[in-house]
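Chemist: need a structure here:
(chains A and B)
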Amino acid sequence: MSEFQYPIVKAFVSELQRIFRDPGVTVIFIVATLAYPLIYKAIYWNEQITNVPVAVVDLSDSPQSREFLHRWNAAPDIRLTHTCTSMAEAEQLLRDQKVHGIIYFPRDFARQLADPLGQAHISLYCDMSSFLYMKAIYLSCNQVMLESMRNIQIDRYEQMGVDKNFAWALVQDAPYTETALFTPTGGYGSFLIPAVLVLILHQTLFFGICMLGGTAREENEESYTFASLIGRAGACFTIYYALAAILLGFFPRLFNLPHIGSIGDVLLLIVPYILAIIFFSLCVSVFIRNRESGLVLLISSSLIFLFMAGISWPKEMIPDAWWYIACCIPYTHGAHAFIHINSMGASLAATATEYIALWILTGVYFVLACGLFYIRRKHLNTEN
Amino acid sequence: MKIIFLNIWRVLQRELHMMFARPLYIFASVGVMLLSTFFFLTLMKGGTAENMPVAVVDLDQTSISRRLIHEMQATPSVDIQLITNSYPEARLAMQQGKIYGIFVIPEGFYSDLVAFKRPQMDFYVTNAYTVGGNTAYKQMLTMVNLTSGAFQREVLRKKGLTDDIIMHRIQPLAIEGHMVANPWGNYSVYLVSTILPGILGLICLMLTIFAIGFELKMRTSHAWLRAAGGNYTVAMIGKLIPYTVMYLILGVGCHLIMYRFAGFPVYGSTARLMFGMMLFIFAMEALGITFIGLLPTLRDALSIGALYSMLGFSLSGFTYPQMAMLPPVKALSYMEPLRHYYLIYVNEALMGAPVENSIPYMLALTLFMVASLCVAPRLHRALVYWNYPLK
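Modeler: Model prediction:
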C-alpha cells in the first residue's frame, strides 16, 4: 500500500511547491480569486438603476397630463429632468445622451380623455443603449398608465350610471398582487455576482492548471504517471476547496448578497464542482505547450462559458446544439446549482440533477485525463 | 530615410516568419474571432426572450378557474409548464430552475367572482434569473390584463354596446412604446454589438503583450533590435504592422458581418463607426505595450492584462449603466478603451449623432496611444539589458 501511496504524496507535495513558488500561478490562484469578487461587488454596488433622466414633450399642456407626469416623477426609477416644447428639442437631448427617454403627450390628449368614447395616446421613446434604461422607463410608466386608466374607466362607467362597486368589478374583476421571490432588492448585482463568483473559480483554476502544465512542459519536468495525476489534482483541490468555501460560502454573507441557502449544502456542492473543473482542466492542459499560450488562447472562453450556461440569457432560448456543449462544461451545472441553493434556497436534494451531472462530469473527465496522460506518457517514452 | 524603411521591412519579414511558425498567433486571433462571432450570432434564438415556462396553482378547482387556465394557455407567448393545486410543488419547480413564474388562483375564486367581490390573484416571479424572471413577469401581466378585459367585454356586449365603443372603454389610455434604434427590442443586437468588438480588443491586447514579451522570454530581443538597426521605434513599427493589419481585417470583417450580413441597424455613419473601431484596436494594442512596458516579464504582463481587460466588459456600462456606478468605479471605467468604443457605437449606430459627440471618445482612445509612448524608454532598456526576470 505504501508503495502506491508514496508517489502520490510526493506528487502532491511537489505540486503545492510548484504552485507557491510560481508567482504567476499564485497571482491567478489566490490574488485574482480574492480580488475579483471585491471588484465586481464594487462595480454593481448600487444594484438598482435610479433617476434615469427623461425629457417631457407635453403638447396638450393639460391638468390630466400634468397629473400623469406628477405621479410618474414620484417613481424612484426615473426623473423628469427636461421640459421641451418640441419633439426635435427632445430628440436632440436624447442624441446627446442627456436623457435616456422621452415622453410625448399629443395635443388632443385631454380632449380624448374627456370624450367618453375617446382613446388617448401617450408616446414613449426609450434609449436602447442599455436594456436597463428601457426596463426602468417602460415598467414604471406602464404602472402609472394602468393606474390612471382604471380611474378613467371608473369615471366613464359612473357617467354611464353604473354603480361604483360594480364598475370596479368590471374594470378589474380580479385584482392581483405581484411578488418578486428570493432576492428582495432584485438588483442586477444580486443576480449577476453569484454567477460570476462561480465563474471566477472555474476560470482561475482552469487557467492556473493550464499554466502549470505549460510550465512543466517548457522545463521538461512533465510527469504523466497516475500518481502525478492524483497528486496534482489533490494539491489543486486542497487550495481550491478553501477558496471556494470563502467565495461561495462566506462572501455572499459578508457582502449581503443573496444567501438564503444552507451553507452545508454549498460546501457539499463545491466538492464535485472543483473536482470536475480540475479533471476538465487537466485534460485541456495536456495540449498546452507553453505556460502563456493557454491564457492567450482561452481568455475569451470566460465570456462564452458565461453566456452558454443560460444564466443571463435563459437556457430555454439557447439552441440545442450549444446547450449540449454547455452541459459538458462544469461551470454550467455549478452555476445553476449554486443559484438554486444560494439564491433560491433549494436543498441539495432539490438540485440533484445538477449535482449528479457534476459527479458524472468528474468521472468522465477523470477517465479522459487518465487516458490522455497514458497516451502522453507513451509518446514521451518513445521520444526519449 | 531609406535605411529606416529597409529596417522596418526586415523586422516585418522576421515577424511574419515568427507569426506563421507558431500556430498560436493565428488560432488566438482569427480562430477565436471566428468562433466567437459564430457563437454569439447563433446563441440567441431570434434575439427576444419569449415563452418562458411558468406554473399555475389552481386552489379553486372550479369550472371557471379551469376556463381561466384554458384561456391563459391559449395566450401566445405563454408557456404553462405545470398546473397543480399545491403551491409548494410550484415553488420547488421554481427552485429547480424549471419555471420562472407562478400564478396563483385563490380558493373561492369562482364564488367571489360571481358575487363581484373581486377575488385577488397572486403572481410570483423569480429574480434569481433576471431575463427569465422579467419575461415571465411581462407574460403574466399581459395574461391577467387580457383575461380581465375579456370579462369586461362580455358584460358590455350583454348591455348591447358595439365592439368599437367597448374597446375604448376597456382601454381609454394607451402607451405607444418606441425603442429607439432597436425597435424589436432585440437582445442579440444589443449584446453582440459591444461583446464582439470587446473580444477583438481582448485579442489585440493579449497578443501584443505576447508578441513583445515572448522576445524577452526567449532572449531574442537583441536579434529583433539588431534587425531594426538598433532603433526602438523601427522595431516596434515593424513588429506591429502585420498584427495590426490582421486586426483591422478582423475588425472590418466583424463590422461587415454585424451591420451587413446580420442586419444590425446603423443610424449614423458607418465610416465613423469603423474609424472608431480602428482607434479602439490601436488603443488596445497601445495598452498592451503599456502593460509589457510597465511589467517587462511576459507572464506578469499577461496576467495583469487579462484581469484588466476582462473588467472592460462590465465597466463599459453597456449592461449595467455607468450612471448607476459609484464615483471611483465611474472614474475607473474611463480607463477601459471598450467604454469609449461603446460610446462611439451608441452615437454612431443608435443615435445618428453628429461627429462632435464622438470626438471626445476618439480623443480618449488616442490618449491610450500617447500613454504607450511614455513607457518606451523603460521597455527599450528591458529589451536591451534584460533587467527584469525573463521567465
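
Chemist: stretch A:7-25 close to chain B?
Modeler: Yes - shown here: stretch A:7-25 in contact with chain B (Cβ under 8 Å from any Cβ of the partner chain) through A:23-24. C-beta coordinates here come from the backbone N, C-alpha and C atoms, glycine included.

Chemist: list the buried ones in that stretch?
Modeler: A:7-8, A:11-12, A:14-16, A:18-19, A:22, A:24-25 (16 or more other Cβ atoms under 10 Å in any protein chain shown).

Chemist: from those residues, which ones fall inside helices?
Modeler: Counted as lying in helices by DSSP state H, out of those, are A:7-8, A:11-12, A:14-16, A:18-19, A:24-25.

Chemist: residue contacts, A:Ile19?
Modeler: A:25-26, A:29, A:208, A:212, A:235-236, A:239 (Cβ atoms under 8 Å, 6 or more residues apart in numbering or on different chains).

Chemist: can I get the buried part of those residues as one PyMOL selection?
Modeler: PyMOL command restricting these to the buried ones, with burial defined by 16+ other Cβ under 10 Å:
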select buried, chain A and resi 25+29+208+212+235+236+239
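
Chemist: nearest to chain B among the contacts of A:Ile19?
Modeler: Nearest to chain B out of these is A:Val25 (Cβ to the nearest Cβ; 9.0 Å).

Chemist: per-residue pLDDT, the closest one?
Modeler: For A:Val25, the model assigns a pLDDT of 85.

Chemist: gap between it and A:Phe373?
Modeler: 20 Å (Cβ to Cβ, to the nearest Å).

Chemist: and what of A:Pro116?
Modeler: A:Pro116 is 81 Å from A:Phe373, by Cβ to Cβ.

Chemist: of the two, which one has the most company?
Modeler: Between A:Pro116 and A:Phe373, counting by other Cβ atoms under 10 Å in any protein chain shown, A:Phe373 is the more crowded of the two (20 against 15).

Chemist: what does stretch A:109-126 contact?
Modeler: By Cβ under 8 Å, 6+ apart, the surrounding residues in contact with stretch A:109-126 are A:59-60, A:62-65, A:68, A:90, A:94, A:100-106, A:108, A:133-134, A:137-138, A:141, A:145, A:152, A:156, A:159-160, B:165, B:167-168, B:171-180.

Chemist: list the buried residues in the host helix or strand of A:Leu132.
Modeler: Under the criterion of DSSP states H and E, A:Leu132 resides in helix A:131-159. Buried positions in helix A:131-159, judged by neighbour count with 16+ other Cβ under 10 Å: A:131-141, A:144-145, A:148-150, A:152-154, A:156-157.

Chemist: likewise for stretch B:215-235?
Modeler: Within stretch B:215-235, the residues that count as buried by 16+ other Cβ under 10 Å are B:215-217, B:221, B:224-225, B:227-228, B:231-232, B:234-235.

Chemist: contact partners of that stretch?
Modeler: For stretch B:215-235, the surrounding residues in contact (Cβ under 8 Å, 6+ apart) are A:292, B:3-4, B:7-8, B:10-11, B:14, B:214, B:238-239, B:296-298, B:376, B:379-380, B:382-384, B:386, B:388, B:390-391.

Chemist: and the end-to-end length of it?
Modeler: Distance between the two ends of stretch B:215-235: 12 Å, counting by Cα to Cα, to the nearest Å.

Chemist: stretch B:52-62 too?
Modeler: Terminal residues of stretch B:52-62 lie 26 Å apart, using Cα to Cα.
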